[in-house]
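K.L.:
only geometry, no sequence info:
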């Protein structure tokens, strides 16, 4: 799919981005807020849900749904993510492309009007969010946290993060904690909302084949009444683990969860990224990787075993589901596969397979306006916008020596074992 990306600085800390693609039948408009990840995370995470419930013009969910129906069944979405040591709040509307509307109507403009109204003119009582909306969203956010705790694979990963980054902002859950959520008041939440408008980096993105002039005008209109005091944060990169932290917990589950956290030796998100990304894929990022073909398939030590790189923090996690009695064998086998890559025990065909797999993955970014929006908005934290095709070319030029060097930079930092006692009803994955 052919597409182009442009961005312009609207004002300090406010950017307007446009992704133009002719082949899509849909479009989307999003507003992203980038904030330092800190002890206000629960407050900030609660705000998007409250904003999508009502506004001055659309006072309840029914009114919002009615407006979305008039916009040819547009969809309103909200998301909270963690990019490096930043919390990113995103609100957006997906809709059909303007050229499919009757009588030349601009669906994108209509969706933008709804989105800006929800974000900048929320429904209030006595000058703060309504208690009804706040209490409803507190309950839903606590349920999301409960769901993460109930999913033991997610829980184990989160616990490993908390332990590994206990003295770094990255250890904070993007949704905050239940203890904090339960104590949030409408007054406190409205103050957090005003803090978001005042201090967050704001990125507005229009994706699809549409004229974004209307969105630009709306941005000027609504931001004109906001006093700004931009606050930015820089993610801490720890190149090397000094020692290994180990922690174990026991749960009534049949399948144990082993999570291993590694430092990749990176000084920033671009530090030899291409070689490190291929190394991670060879190690455990695909069906041809060593963790899958050796530890899972050949040695039968894991029900699942994979590695994931988090570029914006310079780290890697290996997650596996194992029988508890196989913990030591699984750890040794996982570390041996990394050692084999350090010693160059991989073939050119395996490298080619990794490059091809990454190429296919990065090309899929252009499959939809939403995917393109997610790709570029994940880069709004740094402001360094790059096309996926640029990374693909870098992958193709990586050498064996660079992959070996990337593997040699890896150090084990933290091991978390969620021990199963065989009493749970969990199924094997």
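P.N.:
Cool, got the structure. From a predicted model like this one, the values you see are computed outputs, not experimental measurements.
K.L.:
C-alpha only now, for contacts and for neighbours.
P.N.:
OK.
K.L.:
What segments of the stretch 201-350 of the chain are helices?
P.N.:
Using DSSP state H, counting those that start in this stretch, the helices of the stretch 201-350 of the chain run over 213-223, 273-280, 290, 327-342, 348-363.
K.L.:
Please point out which parts of the host helix or strand of residue 64 sit buried.
P.N.:
Counting by DSSP states H and E, the element that carries residue 64 is helix 61-70. Neighbour-count burial for helix 61-70, counted by 16 or more other CA atoms under 10 Å, picks out 64, 65, 67, 68.
K.L.:
Tabulate those (TSV), appending pLDDT and distance to residue 158.
P.N.:
As requested, the buried residues of helix 61-70 are arranged in TSV below (pLDDT from 0 to 100; distance: CA to CA, whole Å):
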residue	pLDDT	distance to residue 158
64	97	34
65	97	35
67	97	38
68	97	36
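K.L.:
from these, which single one is nearest residue 325?
P.N.:
Distances from residue 325 to those, taken as CA to CA, are shortest for residue 65 (52.2 Å).
K.L.:
Now do residue 124 against residue 55, distance only.
P.N.:
Applying CA to CA, to the nearest Å, the value for residue 124 to residue 55 is 8 Å.
K.L.:
do the same with residue 326
P.N.:
Relative to residue 55, residue 326 is positioned 54 Å away (CA to CA).
K.L.:
Looking at the two, which one has more neighbours?
P.N.:
residue 55 (25 against 12; other CA atoms under 10 Å).
K.L.:
hang on, isn't that one packed against residue 117?
P.N.:
Yes. Assessed by CA atoms under 8 Å, residue 55 is found in contact with residue 117 at 6.7 Å.
K.L.:
quick one: average confidence on stretch 253-264?
P.N.:
Stretch 253-264 carries an average pLDDT of 95.
K.L.:
how deep is residue 345 tucked in, by neighbour count?
P.N.:
Around residue 345 there are 11 residues (other CA under 10 Å).
K.L.:
out of the helices of the stretch 201-350 of the chain, nearest to residue 244?
P.N.:
Short answer: helix 327-342, nearest of those by CA to CA, at 12.8 Å.
K.L.:
For the closest one, what is the distance to the chain centroid?
P.N.:
In terms of CA atoms, centre = their mean, to the nearest Å, the centre of helix 327-342 is found 28 Å from the chain centre.
K.L.:
residues making contact with that helix?
P.N.:
258, 279, 283, 290-291, 295, 301-302, 322, 346, 403-405, 407-408 (CA atoms under 8 Å, 6 or more residues apart in numbering).
K.L.:
now that helix against helix 273-280, angle please.
P.N.:
If you take axes from the mean of the first three to the mean of the last three CA atoms, to 10 degrees, helix 327-342 sits at 140 degrees to helix 273-280.
K.L.:
Which of the residues in helix 327-342 are classified as buried?
P.N.:
Buried residues in helix 327-342 (16+ other CA under 10 Å): 327, 330, 331, 333, 334, 337, 338, 339, 341, 342.
K.L.:
spatially speaking, which residue is in the middle of the protein?
P.N.:
residue 81 (4.3 Å; CA atoms, centre = their mean).
K.L.:
what's the helix or strand containing it packed up against?
P.N.:
Here residue 81, judged by DSSP H and E, is contained in strand 75-83. Judged by 3 or more CA pairs under 8 Å, 6 or more residues apart in numbering; DSSP states H and E, strand 75-83 is in contact with helix 41-51, strand 86-96.
K.L.:
isn't residue 314 right up against residue 263?
P.N.:
Yes. Checked against CA under 8 Å, the pair residue 314 and residue 263 is within contact range at 6.4 Å.
K.L.:
hey, what's in contact with both of the two?
P.N.:
Joint contacts of residue 314 and residue 263 (CA under 8 Å, 6+ apart) are 238, 239.
K.L.:
Those two: which is more packed in?
P.N.:
Counting neighbours by other CA under 10 Å for residue 314 and for residue 263 shows that residue 314 has the greater number, 25 against 22.
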